[in-house]
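S.K.: below are the sequence and a predicted model for it; my questions follow.
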Amino acid sequence: MEVSLKNQVAIVTGASSGIGTGIAKSLAEAGAAVIVNHSSERSADEAKAVLTEITEAGGKGIVYQCNVSKEEEVVRMFKDVIQEFGTVDILVNNAGIQKDAKFTEMTLDDWNAVIAVNLTGQFLCAREAIKEFLRRGIDPSRSVACGKIIHISSVHEIIPWAGHANYAASKGAIRMLMQTLAQEYGADKIRVNSICPGAIQTPINKDAWSTPDALNSLLQLIPYNRIGQPKDIGNLAAFLASDLADYISGASIFVDGGMTTFESFSTGG
């Protein structure tokens, strides 16, 4: 049973590092042409390096700079990708940031910045993707579905996280956005799901795993007793984007080594 995304085009936002890189590489490995999105000139070299890995492994794609919180940039990205590749089949809404602070010390700028990228960015990209899916319709040579959207959420869509109110709020909202889109466009054969990572070894959470003491403390929260890797998320994204997952829509799927079982209660709490 092969996961195949042959003849399909995928946009992966925030693909220049971390989870986004893992997803981009997995989708390319499955046969998709991948748009490696990054947000600014600062991340351009990283994005180019990801594309180089993809092409050297036999895959194909392009790099595209776009700040997903900016409507005009998102609209332009979809327009340019459609012009070059003909359409878009898969959107992975991955771009996200953190600006952590105690709640009473969190500024409005910190709040707005996280909501703008983590939530508004997913809204803008999903809106443009669905417009294109509906314009094209179902093409059986590509997929039995009209289009696929994968939102990257977090275990913190259900686990509160002190000191991260803006981040946790954005992820909780993604759950409702995803389910609403799955409900609204299911009859059009557009599948919408979320992947909810736990602790994944990426630059955004380096402080949580970069020393033996920090990693050991983190593992106390993970029954499976290892930190996740970007490929763990990429593997699931490729499956969810494929026809093998055609009856899965409106689902939040947790990839967390069991973190959401609350290991601290394993000995009775």
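M.R.: Received the coordinates, thanks.
S.K.: state the mean pLDDT of the host helix or strand of Tyr185.
M.R.: Counting by DSSP states H and E, the element that carries Tyr185 is helix 165-185. In this model, helix 165-185 has a mean pLDDT of 98.
S.K.: just how off-centre is the very next helix or strand once past that helix within its chain?
M.R.: Going down the chain from helix 165-185, the next helix or strand is strand 190-197, by DSSP H and E. Its chain's C-alpha centre and that of strand 190-197 lie 8 Å apart, by Cα atoms, centre = their mean, to the nearest Å.
S.K.: Val81 versus the residue nearest to Ile35 when sequence neighbours are not counted, what's the distance?
M.R.: Of all residues not flanking Ile35 in the chain, Ile11 sits nearest, at 4.4 Å (Cβ to Cβ, 6 or more residues apart in numbering). The way it works is simple: take the backbone N, C-alpha and C, and place the C-beta from them, glycine included. Here Ile11 is placed at a distance of 6 Å from Val81 (Cβ to Cβ, to the nearest Å).
S.K.: so between these two, which is more surrounded?
M.R.: Under the neighbour definition other Cβ atoms under 10 Å, Ile11 and Val81 were set side by side, and Ile11 has more, 31 against 23.
S.K.: bridged to the more buried one, which residues?
M.R.: Beta-bridge pairing for Ile11 (DSSP bridges): Ile35, Leu91.
S.K.: got a list of what it touches?
M.R.: Counting by Cβ atoms under 8 Å, 6 or more residues apart in numbering, Ile11 makes contact with Ile35, Asn37, Tyr64, Met77, Phe78, Val81, Val88, Ile90, Leu91, Val92, Cys125, Ala129.
S.K.: let's see the least confident helix or strand in the chain by mean pLDDT as PDB, backbone CA atoms only.
M.R.: In the chain, no helix or strand scores lower on mean pLDDT, DSSP states H and E than helix 212-219, which sits at a mean of 89. What follows is helix 212-219, C-alpha atoms only, in PDB (Å, rounded to 0.1, in the frame of the first residue of the first chain):
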ATOM      1  CA  PRO A 212      20.300  16.500  29.100                       C
ATOM      2  CA  ASP A 213      18.400  17.900  32.100                       C
ATOM      3  CA  ALA A 214      15.900  19.800  29.900                       C
ATOM      4  CA  LEU A 215      15.300  16.700  27.800                       C
ATOM      5  CA  ASN A 216      14.900  14.500  30.800                       C
ATOM      6  CA  SER A 217      12.400  16.900  32.300                       C
ATOM      7  CA  LEU A 218      10.500  16.900  29.000                       C
ATOM      8  CA  LEU A 219      10.400  13.200  28.800                       C
END
